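**Student:** Pasting the sequence and the predicted coordinates here, then a few questions.
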Amino acid sequence: TRLAVEAARGRRRAYRDGAWMIDLASVAEPAKVGAAVLAGVGLRGGGMFDGRARGEGDELDVLADRLGGRESLLLVDNCEHLIDAVAHLVAALLARCPGLSVLATSREPLAVDGEVLVPLGPLALPGPDDGVERARQAAAVRL
């Protein structure tokens, strides 16, 4: 998460229309991924959905309308427990929104067209004989 946020921050000028972070850690049901993304881009509780049931197609249409024609980034965090639902939504959005980029954090790939994987290894730990000052420099300790 932290590395993805820094990567997005470092490239924020590349996305003329901004970036949104969508944290899926608390989403337990695949059917709620669309609603979480809607909320993350600022469309939570929109009047359009009040008083009627929302369908996945409705959410996709609203998101595509909001993100289409824009140069923007979705940082979708903690996808692993919802991998199929996230992959389906991301693939559909990317097909409809040519200016959209997605940075997803997950222990598994989404397996969507154009995906580029950036595997991350564990952070370095201090050695058993390192002194306090050297130990403080280790990536895991700094985190």
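**Tutor:** Structure's in. What do you need? Since this is a predicted model, take the numbers as computed values, not measurements.

**Student:** Just the strands from the protein, written as ranges.
**Tutor:** 19-23, 72-77, 100-104 (DSSP state E).

**Student:** and the first one, which residues are buried?
**Tutor:** By neighbour count with 16 or more other C-beta atoms under 10 Å, strand 19-23 contains the buried residues 19-22. Where you see a C-beta, it was placed from the backbone N, CA and C, and this is true even at glycine.

**Student:** Next: stretch 9-28.
**Tutor:** For stretch 9-28, using 16+ other C-beta under 10 Å, the buried residues are 15, 19-22, 24, 27.

**Student:** can those residues go into CSV with extra columns for distance to G114 and pLDDT?
**Tutor:** Shown next, in CSV, are the buried residues of stretch 9-28 (distance: C-beta to C-beta, whole Å; pLDDT from 0 to 100):
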residue, distance to G114, pLDDT
Y15, 17, 92
A19, 18, 92
W20, 20, 93
M21, 21, 93
I22, 19, 95
L24, 21, 96
V27, 24, 96
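
**Student:** Would you mind giving these as TSV with distance to S72 added?
**Tutor:** Shown next, in TSV, are the buried residues of stretch 9-28 (distance: C-beta to C-beta, whole Å):
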residue	distance to S72
Y15	5
A19	6
W20	7
M21	12
I22	12
L24	18
V27	21
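
**Student:** Return the distance of the closest residue to A124 other than its chain neighbours relative to L125.
**Tutor:** What sits nearest to A124 in space, not counting adjacent residues and going by C-beta to C-beta, 6 or more residues apart in numbering, is A139, at 4.8 Å. Separation of A139 from L125 (C-beta to C-beta, to the nearest Å): 8 Å.

**Student:** Thanks a lot, see you next time.
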